[in-house]
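Chemist: Predicted model and sequence follow; I will ask about them next.
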Amino acid sequence: MLENAIASTKLKAQNLLRIGPSIFEDIDPTSPFRRSGVGLDNSDARLIAQTAFEQPIDAAKLVETGKQVLIIKTAEIVPASETEVTDTAAFYLSQLNLAASKNISDALSVSLSERHKLELYPGMVQQLLVGQNN
């Protein structure tokens, strides 16, 4: 039953796509969004953005998301401003530095624990916390 519904929805979308550009006349375009999908209020934003940026202007394509069948049309691609490019580069650089710092810290911790054979003996810890066993 689910397979029939999926096939029916896909067929309906394909038929709409065959009609041509007129199917988009009554549809409001989205607000501008980034290649990463930031700016789209949709759980499949990355997939939508990837499709929109991969196809030529005025092209339309069917995309299956798992929950929906979407028709994505690329109306225009607006170049990013110099500030947006600089801010995005700074953000990704900071994230990369943070990840590298964490990896170095984790590797150092592993190295120290292997070198110094850090081990806990439960009996000794209990004696220190509770006192001498009688």
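Modeler: Yep, it's here.
Chemist: Three-state assignment for residue 56, please.
Modeler: coil (DSSP: H, G, I helix; E, B strand; the rest coil).
Chemist: Oops, could you answer that again for residue 72 instead?
Modeler: Reduced to three states by three-state DSSP, residue 72 is strand.
Chemist: For beta bridges, what are the partners of it?
Modeler: Under the criterion DSSP bridges, residue 72 forms beta bridges with residue 61.
Chemist: From residue 74, how far out is the most centrally placed residue in the chain?
Modeler: By Cα atoms, centre = their mean, the mean C-alpha position of the chain lies nearest to residue 46, the distance being 6.0 Å. Taking Cβ to Cβ, to the nearest Å as the measure, residue 46 falls 16 Å from residue 74. Where you see a C-beta, it was placed from the backbone N, CA and C, and this is true even at glycine.
Chemist: before we move on, what about residue 11?
Modeler: For residue 11 relative to residue 74 (Cβ to Cβ), the value is 23 Å.
Chemist: who's more crowded, these two?
Modeler: Between residue 11 and residue 74, counting by other Cβ atoms under 10 Å, residue 74 is the more crowded of the two (16 against 11).
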